[in-house]
Each structure stands twice: as C-alpha cells, then as structure tokens.
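J.: kindly generate the corresponding structure for this input.
(chains A and B)
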Amino acid sequence: QKEVEQDPGPLSVPEGAIVSLNCTYSNSAFQYFMWYRQYSRKGPELLMYTYSSGNKEDGRFTAQVDKSSKYISLFIRDSQPSDSATYLCAMKGGSYIPTFGRGTSLIVHP
Amino acid sequence: GAGVSQTPSNKVTEKGKYVELRCDPISGHTALYWYRQSLGQGPEFLIYFQGTGAADDSGLPNDRFFAVRPEGSVSTLKIQRTERGDSAVYLCASSSSPANTGELFFGEGSRLTVL
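T.: Below is the predicted model:
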C-alpha cells in the first residue's frame, strides 16, 4: 500500500459543477497538506496548503483535512474548462520532502 | 526568467548511454529537489539538496543515478548506463522555506526517452 492514495480518474464534469477531489494517507506523521495543479506537459504548481486539520478557502477552492480519518479533500466551485488539469495531493511531516499522490485527471467540459 | 529552468526539455537516448539533466533553480532558493514522474503517476522523490550538500538521497533507485550541486545553485542529475525503465519526466523543484509550508516551485521537466 502506498503512503498516499489518490484515484486517477478521469473525472469529467460539466462547466459550473462542484468538483470534489480526495486523497487518503497512512502516515500519521503528515502535518502539512498541499494540492498542486499540473497542466499537460507542465510542472506542478501549488494551489493550496493546509497545516494540520481544518478547512481553508481561497476563491473557488476549498481544502479540507480530516486527520482522524487520514482523508483530505479539495473542492472546486463553479468549475471552468480552464480548471481541466491533473490535481496532485502532497503531504509532509517532519522531513522536508513532500510525498505526492498519483494525481486525479479532471476534465471540465463546456 | 524568474522560474525554475530545466534543460534539455526533451532527451532521446539509447540504452546503455550516459545522460545529464540540468536544473537552474529560482535565485536565492537554498533547497533543491529532483523528482521523477512516470506516465499516469505522481512525482516520485529522488534527492533533496540543502545548499551544496545532498541532505537526503534515499529516493535514488540505484547507483546508476547521481546528482550534484557544487556551488549551491545549479544542479545536474546524472544517469549512467541508461535503461528503458528510466524513461520518465525528471522534474526539478526549488524552495526557500522547505521546513514550513513545503511549497515547491517546479520546472517544466526534462522528458527522457530511452530506446
């Protein structure tokens, strides 16, 4: 079992839908939780980060962390075709090295 | 530019050859990471530098892989006796604050194809 599990999709939704992306993890030491977005043939870019449990909102994006369940989520409201990309969750604990999930491919069609 | 620069963007080589991939991080970033990303997978950690030294090289798959960062800026990932299984996108990232948020700034990657 990998430390970080993420469904690869693809997830296809119509424009304007609410999107829910999720990851589970097994390492209790993880404290920092991040979501990266990766467009085709580009490097990942950081969308959001959260420390420990709780919610964080930034515009149309909301990140949630439930450490008791070892489960994190990213919600995208009013999804747009430009949101079509691969979304990678990443986590780290005491080390300086984030561990990534395999990514979920999201397709938002007009 | 101000971002992380990686060269070459594409490299095709034959099995058994030697390859070097270069990374130029964001100016002033002391932390530098190499990851490898295979098709349909997430980035897999290879090595982490803090300054000139390799602080953690536990992700290097075997002794054919080696990386240097002699002056604490540019880094080179070196792969000897390449194998077809080495084909992947090699991503470099840099960070100014690895101990906190963990935000890494990635380059666009070097796509390696071993024939």
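
J.: CA atoms for contacts and neighbours, from now on please.
T.: Will do.

J.: for chain B, which segments count as strands?
T.: With DSSP state E, the ranges of strands along chain B come out as B:5-7, B:10-13, B:19-24, B:31-37, B:44-50, B:53-56, B:65-68, B:75-79, B:88-95, B:105-106, B:110-114.

J.: actually chain A, sorry about that
T.: Under the criterion DSSP E, strands of chain A are mapped to A:4-5, A:11-14, A:19-25, A:32-38, A:45-51, A:54-58, A:61-66, A:71-76, A:85-92, A:99-100, A:104-109.

J.: do you know which of these lies nearest chain B?
T.: Among those, strand A:99-100 comes nearest to chain B, with 5.8 Å by Cα to the nearest Cα.

J.: that closest one pairs with which strands, parallel or anti?
T.: strand A:85-92 (antiparallel) (DSSP bridges).

J.: coming back round to it: ranked by average pLDDT, which of the strands of chain B falls at the bottom?
T.: Lowest mean pLDDT within those: strand B:53-56, a mean of 90.

J.: what's the closest non-adjacent residue to B:Glu20?
T.: B:Lys78 (4.6 Å; Cα to Cα, 6 or more residues apart in numbering or on different chains).

J.: surely that neighbour touches B:Lys17?
T.: No. Assessed by Cα atoms under 8 Å, B:Lys78 is found out of contact with B:Lys17, at 11.0 Å.

J.: which of these two has more neighbours?
T.: The neighbour comparison of B:Lys78 against B:Lys17 (other Cα atoms under 10 Å in any protein chain shown) goes to B:Lys78, with 16 against 12.

J.: chain B contacts on chain A?
T.: A:8, A:32, A:41-46, A:49, A:51, A:88, A:92, A:95-103 (Cα under 8 Å from any Cα of the partner chain).

J.: 6 Å instead?
T.: Chain A comes close to chain B at residues A:Lys42, A:Gly43, A:Tyr96, A:Phe100, A:Gly101, A:Arg102, A:Gly103, as judged by Cα under 6 Å from any Cα of the partner chain.

J.: and for B:Leu112, the neighbour number?
T.: When neighbours are defined as other Cα under 10 Å, B:Leu112 has 20 of them.

J.: swap in B:Pro61?
T.: B:Pro61: 12 surrounding residues under other Cα under 10 Å.

J.: and for A:Arg60?
T.: Neighbour count for A:Arg60, taken as other Cα under 10 Å: 11.

J.: could you find the closest non-adjacent residue to it?
T.: Leaving aside its sequence neighbours, A:Arg60 sits nearest to A:Arg77 (Cα to Cα, 6+ apart; 5.1 Å).

J.: check what pLDDT the one you found gets.
T.: A:Arg77 carries a pLDDT value of 98.

J.: ditto for the one 10 residues further on
T.: The predicted structure scores A:Tyr87 at 98 on the pLDDT scale.

J.: got it, and the one 5 residues further on?
T.: pLDDT for A:Lys92: 91.

J.: residues touching the residue nearest to B:Glu20, list them.
T.: B:Val19, B:Glu20, B:Phe65, B:Phe66, B:Ala67 (Cα atoms under 6 Å, 6 or more residues apart in numbering or on different chains).

J.: ok, how many other residues are close to the second one?
T.: By other Cα under 10 Å, the residues close to B:Glu20 number 14.

J.: find the nearest non-adjacent residue to the residue of chain A found nearest chain B, please.
T.: Chain B sits closest to A:Arg102 of chain A, with a gap of 3.7 Å, by Cα to the nearest Cα. Nearest non-adjacent residue to A:Arg102, counting by Cα to Cα, 6+ apart: B:Gly42, 3.7 Å away.
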